[in-house]
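K.L.:
okay, here's the prediction I keep looking at, along with the sequence it came from:
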Amino acid sequence: MLNRLFSIMIFFGIPLVVVGAIFHWSDIPMFFLCCITIIALAGYIGRATESLAIVSGPRVGGLLNATFGNAVELLISIFTLKAGMIGIVLASLTGSVLGNLLLVLGLSFFAGGVKYKRQNFSIHDAKYNSGLLIFAVIVAFVIPEIFSMSMDHAKTLSLSIGIALILIALYMAGLFFKLVTHRGVFASAEQREEEIETPEWTKGKSMLILLLATVAVAFVSEQLVHTFETLGEQFGWTELFIGVIIVAIVGNAAEHASAVAMALKNKMDIAVEIAVGSTLQVAMFVTPVLVLISLLMVEPMALVFTVPELVAMITATLLVINLCNDGESNWFEGLILFAAYVIIGIGFFLL
């Protein structure tokens with residue numbers, strides 16, 4: 001039913017976005033039209049990566065899902081950078097971290113926990129993710145903020161570039177560590193018998209759909225960015241709220257749907273890999289890449305978040321580490337994560 005709805009939304013949504021762009025429709029209806037279309041496209045991205053996950057295994061599948069899901073976030077951010085809205089870009093990156101750690105993981109734990117009393121996932125993955133989360137969010141994001149207080153913009157930008165290069169290198173090294181040199185260590189600790197599944201689409205069809213959906217998302221994202229200024233004026237929303245909540249939810253729709261679907265199938269290794277793996281990818285790859293891309297723009301972006309953004313990300317990181325390090329989840333832990341997301345969302349709305 002949901003897949004058919006997504007198909008209808010794409011069938012009508014993309015042509016309407018094209019017509020709206022040509023005839024310069026009002027920004028408010030264009031915003032909602034673009035959001036609906038991107039969410040539907042993200043649904044197709046999720047289905048394609050789920051088919052690939054069946055063929056490739058949980059970790060590679062989760063990585064693929066996070067990568068193509070974050071492609072939406074990356075494309076929206078690039079067009080936002082081009083428009084000179086650096087505050088919205090940094091806020092959307094904050095929202096992506098919060099959304100994946102608290103909303104996506106929380107809903108996955110809750111949905112899976114309602115169906116199954118207790119669910120397990122790899123404790124090796126949990127410990128690995130904990131270390132990288134602390135490094136990426138608490139070390140790499142906090143240091144530029146602290147040091148920038150005693151630096152001018154040029155030096156802060158130089159520091160941001162150095163940190164960006166280190167983050168990208170460490171992220172690549174982490175993938176090599178996890179998928180190559182220590183692949184056996186990260187095999188599912190429970191060694192459960194996996195049911196034999198048939199992918200919805202073939203590998204070739206899945207890759208083709210991913211390519212076409214990503215191209216479509218790029219076009220729709222550009223139209224979406226043009227509506228932000230009017231949206232803020234019309235509803236009284238700040239750039240911070242638009243970035244942290246609105247852009248982040250739309251940009252991460254693929255992960256939202258896929259992670260919850262995996263949890264309902266009791267495939268928590270994939271669900272956790274999608275949610276936490278996506279967070280790590282945003283923090284250690286997408287964010288530094290945007291810093292480097294911004295050097296080509298009129299106004300470069302330094303890796304300096306606001307204090308509320310940093311506090312929210314650190315809080316989310318510590319909460320997730322505390323709940324995940326035992327390798328088990330239940331519906332109440334999911335409710336805790338979701339409640340934290342709502343509280344932080346209210347704070348950004350009122351800020």
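P.N.:
Thanks, I have the structure now. Please read these numbers as outputs of a predicted model, since none were measured by experiment. Numbers count the residues shown, from 1 in each chain.

K.L.:
for the longest helix seen in the chain, which positions count as buried?
P.N.:
Determined from DSSP state H, the single longest helix within the chain is helix 27-56. Across helix 27-56, burial judged by 16 or more other CB atoms under 10 Å covers 27, 30-31, 33-54. Placement of C-beta: from N, CA and C, glycine included.

K.L.:
got it, and stretch 316-334?
P.N.:
Within stretch 316-334, the residues that qualify as buried are 316-317, 319-321, 323-324, 327-331, 333-334, counting by 16+ other CB under 10 Å.

K.L.:
which pair in these spans the largest distance?
P.N.:
Within those, two members stand farthest from each other by CB to CB: 317 and 331, at 21.9 Å.

K.L.:
mean confidence for stretch 165-176?
P.N.:
Across stretch 165-176, pLDDT averages out at 91.

K.L.:
now do the strands in this protein.
P.N.:
Along the chain, counting by DSSP state E, strands occupy 119-120, 328-329.

K.L.:
can you put these in TSV and add distance to residue 87 and mean pLDDT?
P.N.:
Shown next, in TSV, are these (distance: least, CB to CB, whole Å; pLDDT from 0 to 100):
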stretch	distance to residue 87	mean pLDDT
strand 119-120	38	90
strand 328-329	35	91
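
K.L.:
nearest to residue 224, of these?
P.N.:
Among the strands of the chain, if distance is taken as CB to CB, the winner is strand 328-329, at 33.5 Å.

K.L.:
so what's residue 272 up against?
P.N.:
Residues in contact with residue 272 (CB atoms under 8 Å, 6 or more residues apart in numbering) are 62, 105, 108, 121-122, 125-126, 129, 324.

K.L.:
in CSV, list those along with pLDDT and distance to residue 346.
P.N.:
Formatted as CSV, the contacts of residue 272 follow (pLDDT from 0 to 100; distance: CB to CB, whole Å):
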residue, pLDDT, distance to residue 346
62, 62, 30
105, 93, 19
108, 93, 22
121, 87, 30
122, 83, 34
125, 82, 31
126, 84, 29
129, 86, 27
324, 89, 24
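
K.L.:
which of these lies closest to residue 263?
P.N.:
Nearest to residue 263 among these, with distances taken as CB to CB, is residue 108, at 4.0 Å.

K.L.:
ok, now which ones touch that closest one?
P.N.:
Residue 108 touches 259-260, 262-263, 268, 271-272, 275, 329, 334, counting by CB under 8 Å, 6+ apart.

K.L.:
hmm, which two among those are most spread apart?
P.N.:
Farthest apart among these by CB to CB are 262 and 334. That separation is 13.6 Å.

K.L.:
pLDDT of stretch 297-304, averaged?
P.N.:
Stretch 297-304 comes out at a mean pLDDT of 89.

K.L.:
that should have said stretch 45-52, apologies.
P.N.:
77.

K.L.:
now for the longest helix of the chain, which elements pack on it?
P.N.:
The contact analysis (3 or more CB pairs under 8 Å, 6 or more residues apart in numbering; DSSP states H and E) places helix 27-56 against helix 2-23, helix 58-82, helix 203-225, helix 228-235, helix 248-251, helix 253-264.

K.L.:
repeat the analysis, applying 6 Å as the threshold.
P.N.:
If you count contacts as 3 or more CB pairs under 6 Å, 6 or more residues apart in numbering; DSSP states H and E, helix 27-56 packs onto helix 2-23, helix 58-82, helix 203-225, helix 253-264.

K.L.:
as CSV, these with mean neighbour count and distance to residue 310 would be great.
P.N.:
Shown next, in CSV, are those (neighbours: other CB atoms under 10 Å; distance: least, CB to CB, whole Å):
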stretch, mean neighbour count, distance to residue 310
helix 2-23, 14, 35
helix 58-82, 24, 18
helix 203-225, 18, 25
helix 253-264, 26, 22
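
K.L.:
common neighbours of residue 262 and residue 334, please.
P.N.:
Counting by CB atoms under 6 Å, 6 or more residues apart in numbering, residue 262 and residue 334 have no common neighbour.

K.L.:
quick one on the thing from earlier: so for residue 293, which of the helices and strands packed on helix 27-56 sits nearest?
P.N.:
Per CB to CB, nearest to residue 293 of the helices and strands packed on helix 27-56: helix 58-82, 6.3 Å.

K.L.:
how close does residue 258 get to residue 314?
P.N.:
According to CB to CB, to the nearest Å, residue 258 and residue 314 sit 26 Å apart.
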